[in-house]
Each structure stands twice: as C-alpha cells, then as structure tokens.
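Peer 1: sequence first, predicted model second:
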Amino acid sequence: MNIRWAVLVSLFTLLNACTQRPQVNEMVNLIPESVNLSPDYWCTWGAQNYAADTVSLFNSLSLGGHSVTAGYVTERWVFGPGGWSEAIPEILRQDLILLFDVGWDVPAGEMFDNSRWKLGSLEVATDKFPSCTGNREEKLQKLNSLVTGHGWKGTGLWLPSQAFNTDDPQKALSDSRTEAFYHKAAEDCAEAGIVYWKIDYGSRGGDVRFRSMITETAEEYAPGLLVEHGRGSGPLNDEECPWDTDNFHSTGLYSNWDDGKVLETAADIAKASHVLRTYDITQQLSIPTTMDRVTQILRDLSGSGEKVIINCEDEPYIAAVLGCAMGVMRHPNMIYREGYNYDPFRFKYRMDEVVRTVRWHRIAPVWGAGESMMNLDTLILQDSWFFEPGDAWATWVTGRKVIQSAHARVARGMALPEVKVDGVPPFVICSRHPNGAVAIATLPRVSAEKQKYTPMADVTIRLNELEVPIGIFGHFNSLRIEFDQPVQPGELQILGQDLASDKAVDITSQVQINPDYLIIPGELISKTGLQVATKGDLSEPGMVMQIYKTARE
C-alpha cells in the first residue's frame with residue numbers, strides 16, 4: 001500500500017544530530033530543537049482507569065464494562081485545574097499527541113457495553129466538553145484548540161472498528177453509507193486539524209478489508225491523518241484470554257499463538273495500516289510480551305519495504321531502540337490502593353524515560369517495519385509472574401504463575417550485540433537507523449521469585465561509521481564499541497548527554513580508548529544517563545553519545 005505517511009518519514013532524516021566537531025568550551029546540545037515528528041502519543045485510557053477515583057479503579061480491576069471508564073473523558077478531567085494534561089510535564093507535551101480514548105464522543109451516563117452501535121459518532125460530547133459547540137467540524141476544531149492550547153503537539157481520537165449506528169458484522173464493505181460515513185469523518189477531521197485515529201474494539205475488528213477501507217479513505221480525504229489499527233489481542237502471548245483464540249499452548253511466544261495465525265493476522269492488519277499497535281499487556285510482564293510482539297512482526301515484514309510503523313504502547317526504551325512509536329498510558333496521578341499491586345514497578349514515577357525517548361526520536365525517528373532487516377538470537381528467555389488478587393485487570397490469571405518469552409538479543413539493521421554475563425542475561429536490543437544513528441539497550445528481567453531486576457552485562461557492538469549519534473539505554477557493566485578504522489591516541493573527543501538534558505558534557509577522559517575500540521564503564525552510562533533525573537523518578541538511564549574525530553596536528 002502506498003502510504004502518505006512515507007512522505008513524513010522521508011523528512012525525518014533532516015533531524016540528524018550535527019556531527020561538526022565542537023569548539024573547546026562550547027556549550028553543545030546533541031538533541032535537535034525541532035519537535036519530535038514521530039507519531040508518539042499520550043493516551044487517556046490509563047488515566048481513565050487508574051488516575052481518576054476509586055470507582056474507575058475498582059471497575060477496571062474487576063474487569064467492569066467500558067461504559068464506566070468512558071465517563072471520565074471530560075473537559076474537567078483532562079484540562080481542568082489539576083487535570084491530567086496539567087500533570088504531564090511541558091517538555092513532554094510538546095513532543096506528544098494527546099489521544100482521547102473511549103468516551104470523548106459518548107454522552108455522559110450513556111451505557112453501551114451491550115449496544116456498541118452507540119460508539120463512533122465522532123461528535124464531541126458537548127455535555128462533557130462544554131467549550132466544544134457547533135456542528136461536528138466546529139466541535140472538533142475547538143477540541144483541537146483545547147489540546148494545542150495546552151501545549152500538546154496535536155490531537156488524536158479513538159474510533160471503533162465499525163461505522164456509527166451499525167453493529168452488523170455482515171454488512172457489505174460496498175455499503176455506500178458506511179464508506180460515506182468515513183469519507184465525511186475524514187474530511188471533518190482534516191479541516192479540524194486532527195492528526196491521528198486509533199481504531200480498535202467494535203464489531204468489525206477482525207475484518208482486514210474493512211480496516212483497509214478506512215485507511216485508504218483517510219489517505220484520500222485527509223492526507224496526513226495517520227490511521228492506527230491493532231489486532232484485539234489478549235494481554236499475554238500464547239495464553240488464555242476469554243475473548244481471544246482458545247488455541248494456546250502457554251509457551252509465552254507470540255509466534256506459537258494459535259499455531260502462528262495470530263502473528264499472520266497481525267501482519268495482515270499491519271499492511272492495511274499506517275501504524276500497527278501491538279496491543280494490551282499486563283504491567284508485570286509488559287517487557288517480554290511487548291518485545292516478542294514487536295520483534296516477530298518486524299521479522300515477518302523484514303525487508304518487505306512496508307512503511308507501516310509499529311507502536312509498542314508504553315515501553316519507551318523498546319520504542320527508542322527498535323524504531324517504534326509509543327502509546328504512553330502511564331500518568332503521574334495514578335492512584336495506589338493497599339492490597340492492589342497493579343503497578344508493581346511504579347510507572348507513575350518513570351516519566352523521565354518517556355522524556356528521553358521522545359527526545360531520542362528527534363535524533364532517530366521511527367521508521368517503517370519493512371525498511372530494515374531483523375536479526376534474532378536463537379536463545380529464548382522466559383520471564384514469569386505469579387498473579388495475586390489485585391495484580392491485574394486480567395482477572396482470569398489470578399492465582400496462577402504465567403510465563404512470557406522473548407529472544408535474548410534482537411538487532412534491527414545491524415549485527416547482534418555480543419553479551420557476556422555471569423548467570424542470567426538481560427534482554428539486549430540494538431539498531432542502526434536509516435540515518436546512521438545507532439541505539440543499544442539492556443532491558444530488565446522479571447521473575448516470580450526475584451520480581452524485577454537487571455543482570456549487569458558486558459555488551460559489545462560494532463560501528464561501520466564512527467561519527468554518528470549513539471543512544472544508550474539501561475544499565476550495563478560495560479559497553480564496548482568496536483570500529484573499522486583505527487584511531488590514534490588523542491584523536492577522539494567524546495560527548496555524552498542525558499537525553500532529558502539540553503547540555504552535553506565531555507566524557508573523553510572517562511572512556512577507555514584503544515586503536516580499534518573504546519569501552520564505556522557502566523557507572524559512566526548510569527551517571528550520564530541520569531544527569532538531570534527528576535527527584536524521585538525511578539527511570540532507567542538514557543543518554544546520547546557523540547564521537548568526534550579531532551583535528552590531528
């Protein structure tokens with residue numbers, strides 16, 4: 001499919017960090033000032049469930065209906081004093097789309113769990129957003145003005161995978177009323193400045209042709225409007241879920257789920273999308289669940305030329321390193337209740353890693369799933385969690401130990417990293433961006449016995465080019481960077497910068513430099529990558545490093 005999104009992707013290469021050697025004592029910022037053009041967003045869904053009140057919280061953890069959750073998407077909750085928007089740091093808002101999830105176009109008090117045909121009107125619910133009056137286009141314009149007026153990059157909207165006022169999955173694709181509905185919706189959203197549609201839920205979610213029709217309609221009548229689709233998966237790979245396939249084997253592997261049919265369907269939906277979201281997870285096992293979905297889909301599309309972007313939801317450093325977009329769900333106002341361990345790793349205190357990711361995306365923006373080759377380790381690692389009551393909205397796994405599996409090492413557009421560690425290894429991922437930037441991360445492990453931990457490893461990667469931005473995320477014992485062209489003593493200058501900062505520091509003297517490689521101590525990565533950490537924030541380190549070849553005498 002020829003996707004207009006490719007036009008934006010082609011522009012992203014203009015955001016390369018400058019590789020001109022800095023002058024002595026010059027203040028250098030390795031991060032471009034341009035706004036992040038990647039389609040990263042913060043979605044209201046997590047806040048609707050966990051950052052409103054105890055009614056929303058207990059409804060979510062008891063797997064209650066979406067009608068309750070939808071009631072919290074209001075002007076007061078989002079934009080009022082102390083509202084969700086205000087609590088997101090300005091440094092983040094300027095680089096993120098604000099995406100309204102289920103409820104923005106549903107009148108207050110409307111119950112729709114048994115009548116989903118009520119969803120998807122694309123009419124801003126004026127009783128919830130009193131500032132948004134007029135006809136549909138005018139309401140959408142005013143909603144967009146609210147968003148941008150509060151410092152966000154743009155506005156995104158949730159839609160169900162069905163046309164408003166019909167829940168008949170057998171309705172023909174050629175139905176002129178259905179196509180006319182999306183035609184007018186796309187035109188109205190384009191005129192209003194809406195930049196993103198997130199499509200899931202709804203009676204036609206499994207109909208790839210229907211999804212493709214929506215994407216093609218948006219391309220024709222709203223150029224620049226990005227359409228996200230996703231397979232409505234259960235939250236655990238190859239595991240039981242009441243509304244997903246009953247053909248599972250409990251291996252924790254995405255490629256095994258329904259004997260490969262889940263992956264096949266996801267790849268088909270990807271080809272009908274501008275963005276493919278990897279879908280819901282549990283907080284406890286989010287890393288292996290998400291990483292395996294991302295890597296399997298990328299491998300399936302590897303080298304195909306497909307420009308669809310993969311959205312890995314709320315796993316920032318997977319997004320940063322593997323060239324994915326983010327759909328952030330966490331929020332600083334998340335409520336904690338005694339006896340309910342639904343946020344065991346305290347994501348409300350991990351906003352800095354989101355900041356670091358959107359700023360890395362200024363240097364190395366997202367790129368198409370089929371535009372690089374994937375290399376996957378043969379070693380599969382298993383993470384596990386024993387789900388206690390109150391641990392997850394996936395109530396059917398309560399009282400059980402669940403495993404999720406993923407490849408130990410993943411590389412996109414480059415060779416696999418070498419990893420040396422005593423005992424259990426971390427997950428290690430890396431990539432080479434089409435613009436030359438390189439990124440590497442270690443990701444924590446989770447076990448029912450140890451909870452969350454990061455094994456300290458010595459990691460080695462090889463560069464084809466020396467003077468490129470290098471993103472380094474997570475904790476290392478050491479990072480060794482090998483290069484093809486030997487260097488002389490005193491020939492290199494190395495700058496490092498916390499991606500949340502605007503100032504680089506010279507770290508040359510703290511790096512071990514040899515003719516064919518250099519070694520960055522893990523302590524230096526942690527120190528530099530947390531240089532301006534917000535007080536109380538628990539995020540992993542995230543830094544950008546730039547190597548310069550100095551002028552030889």
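Peer 2: Perfect, I can see it now.

Peer 1: Gly65 and Asp113 touch, don't they?
Peer 2: Yes. With contact taken as CB atoms under 8 Å, Gly65 and Asp113 are classed as touching, separated by 3.8 Å. C-beta here means a position set from N, CA and C on the backbone, and glycine is covered the same way.

Peer 1: distance of Trp257 from Ile507?
Peer 2: The spacing between Trp257 and Ile507, counted by CB to CB, to the nearest Å, is 44 Å.

Peer 1: which of those two has more neighbours?
Peer 2: Here Trp257 and Ile507 are set side by side on neighbour count (other CB atoms under 10 Å), and the busier one is Trp257, at 28 against 19.

Peer 1: what about the stretch 101-250 of the chain, any weak spots by pLDDT?
Peer 2: Across the stretch 101-250 of the chain, the ranges flagged by pLDDT under 70 are 167-174.

Peer 1: helices of that one, residue ranges please.
Peer 2: For the stretch 101-250 of the chain, the helices identified by DSSP state H, counting those that start in this stretch occupy 136-149, 176-192, 208-221, in order along the chain.

Peer 1: next: the stretch 451-553 of the chain.
Peer 2: Assigned by DSSP H, counting those that start in this stretch, the stretch 451-553 of the chain shows helices spanning 522-529.

Peer 1: residue boundaries of the strands in it?
Peer 2: 451-453, 458-463, 469-473, 478-483, 492-498, 505-506, 512-513, 517-521, 542-549 (DSSP state E, counting those that start in this stretch).

Peer 1: closest one to Lys307 among those?
Peer 2: strand 469-473 (22.2 Å; CB to CB).

Peer 1: got the buried residues for that closest one?
Peer 2: By neighbour count, with 16 or more other CB atoms under 10 Å as the criterion, the buried positions of strand 469-473 are Pro469, Ile470, Gly471, Ile472, Phe473.

Peer 1: same question for stretch 528-537.
Peer 2: Buried residues in stretch 528-537, defined by neighbour count with 16+ other CB under 10 Å: Thr528, Gly529, Leu530, Gln531, Ala533, Asp537.

Peer 1: likewise stretch 213-224?
Peer 2: Of all the residues in stretch 213-224, those buried under the rule 16+ other CB under 10 Å are Met213, Ile214, Thr215, Glu216, Thr217, Ala218, Glu219, Tyr221, Ala222.

Peer 1: re the thing from before, could the helices of the stretch 101-250 of the chain be laid out in JSON lines, adding distance to Met374?
Peer 2: Conversion of the helices of the stretch 101-250 of the chain to JSON lines gives the following (distance: least, CB to CB, whole Å):
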{"stretch": "helix 136-149", "distance to Met374": "35"}
{"stretch": "helix 176-192", "distance to Met374": "33"}
{"stretch": "helix 208-221", "distance to Met374": "23"}
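
Peer 1: nearest to Ser405, of these?
Peer 2: Checking the helices of the stretch 101-250 of the chain against Ser405 by CB to CB gives helix 208-221 as the closest, at 26.9 Å.

Peer 1: can you name every helix or strand that that closest one contacts?
Peer 2: Contact partners of helix 208-221 among helices and strands, from 3 or more CB pairs under 8 Å, 6 or more residues apart in numbering; DSSP states H and E: helix 176-192, strand 196-200, strand 226-229, helix 261-270.

Peer 1: out of the ones you listed, deepest packed?
Peer 2: Among these, strand 226-229 has the highest mean neighbour count (mean count of other CB atoms under 10 Å), at a mean of 26.

Peer 1: helices or strands next to that one in the packing?
Peer 2: strand 196-200, helix 208-221, strand 275-277.

Peer 1: do I have it right that Met545 meets Ile494?
Peer 2: Yes. Look at Met545 against Ile494 with CB under 8 Å: they come within range, at 6.5 Å.

Peer 1: so which of the two has more stuff around it?
Peer 2: In terms of neighbours (other CB under 10 Å), Met545 is the more surrounded of Met545 and Ile494; the figures are 26 against 20.

Peer 1: contact partners for the more buried one?
Peer 2: For Met545, the set of contacting residues under the criterion of CB atoms under 8 Å, 6 or more residues apart in numbering consists of Pro469, Ile470, Gly471, Ile472, Ile494, Leu495, Gly496, Gln497, Ile507, Ile520, Thr528.

Peer 1: now do the closest residue in space to Arg350 that isn't next to it in sequence against Glu239, distance only.
Peer 2: In space, and not counting its chain neighbours, Arg350 is closest to Ser539: 4.7 Å by CB to CB, 6 or more residues apart in numbering. In this structure, Ser539 and Glu239 are separated by 29 Å, where distance is defined by CB to CB.

Peer 1: ok, the buried residues of stretch 528-537 vs Ala163, which is closest?
Peer 2: Asp537 (43.4 Å).

Peer 1: does the closest one touch Arg350 like I think?
Peer 2: Yes. Taking CB under 8 Å as the contact criterion, Asp537 and Arg350 are neighbours in contact, 6.6 Å apart.

Peer 1: which one is Lys436 nearest to, not counting chain neighbours?
Peer 2: Careful, residue 436 is Gly; it's not Lys. Taking CB to CB, 6+ apart, and ignoring the residues beside it in sequence, Gly436 has Val468 as its nearest neighbour in space, at 4.5 Å.

Peer 1: and what of Ala441?
Peer 2: Of all residues not flanking Ala441 in the chain, Phe473 sits nearest, at 3.7 Å (CB to CB, 6+ apart).

Peer 1: show me what that neighbour is bridged to.
Peer 2: Beta bridges link Phe473 to Ala441, Gly542 when assigned by DSSP bridges.

Peer 1: what does Tyr517 give?
Peer 2: Glu482.

Peer 1: I am finished for the moment; much appreciated.
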